[in-house]
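Asker: sharing a sequence plus its predicted fold:
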Amino acid sequence: LHTGKQLDGIWHTSIIVHKDEFFYGSGGISSCAPGGTLLGPPDSVVDLGNTEVTEEIFLEYLSSLGESMFRRESYNLFECNCNTFSNEVAQFLTGRKIPSYITDLPAEVLATPFGQALRPFLDSIQIQPPGGNTFSRHNGQS
């Protein structure tokens, strides 16, 4: 398929904090042991620094995100996806964003005629990497 643009990858991102990996997909916010989904170990790891946010506060924050911006039914490949989630959480934890080559990709694809032509199909795609547990405030106490 030719978009007129070089695509190095369609990125799935997650955040590892307080010994767990957290990600967002069409199943909502999920967690697993680091590298614990069927996607396996990551191709790339970006160190966004340390956080002063305690696990307790972080889990409360995740819970509120799961009831507002990042509900299961809010998932959208272009506007509200795993990368939107990782970027939001990274800023909450460290004040830093994830790399722009990841967050800019959807807009770059949609700027091409090919992306526009495929948009109705792409909007219907739901992505949920298998192997995570749906996050709830109570299973985070392990």
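Answerer: Looks like it arrived, so ask away.
Asker: give me phi/psi at the residue nearest the centre of the chain?
Answerer: By CA atoms, centre = their mean, the mean C-alpha position of the chain lies nearest to Cys82, the distance being 1.9 Å. Per-residue torsions, Cys82: phi -60, psi -40 (degrees, to the nearest 10).
Asker: can you verify my assumption that it contacts Ser26?
Answerer: No - Cys82 lies out of contact with Ser26 (CB atoms under 8 Å); the separation is 9.9 Å. C-beta coordinates here come from the backbone N, C-alpha and C atoms, glycine included.
Asker: buried stuff in stretch 92-106?
Answerer: Buried residues in stretch 92-106, counted by 16 or more other CB atoms under 10 Å: 92-94, 98, 102-103, 105-106.
Asker: among these, which lie within helices?
Answerer: Among the buried residues of stretch 92-106, the members found in helices (DSSP state H) are 92-94, 102-103, 105-106.
Asker: which among those gets closest to Tyr75?
Answerer: Nearest to Tyr75 out of those is Pro106 (CB to CB; 13.1 Å).
Asker: now do the same contact list for the closest one.
Answerer: Going by CB atoms under 8 Å, 6 or more residues apart in numbering, Pro106 touches 77-79, 81.
Asker: which SSE is Leu118 in?
Answerer: helix 113-123 (DSSP states H and E).
Asker: which neighbours do Cys82 and Ser26 share?
Answerer: Ile127.
Asker: so where is the chain shaky, pLDDT-wise?
Answerer: 1-9, 137-142 (pLDDT under 70).
Asker: now with 90, please.
Answerer: Applying pLDDT under 90 to the chain flags residues 1-11, 38-43, 77-78, 105-110, 114-115, 118-119, 121-132, 134-142.
Asker: quick one: the helices in it?
Answerer: Going by DSSP H, the chain shows helices at 55-67, 82-94, 100-103, 105-110, 113-123.
Asker: name the residues of the last one that are buried.
Answerer: What it means is helix 113-123. 115, 118.
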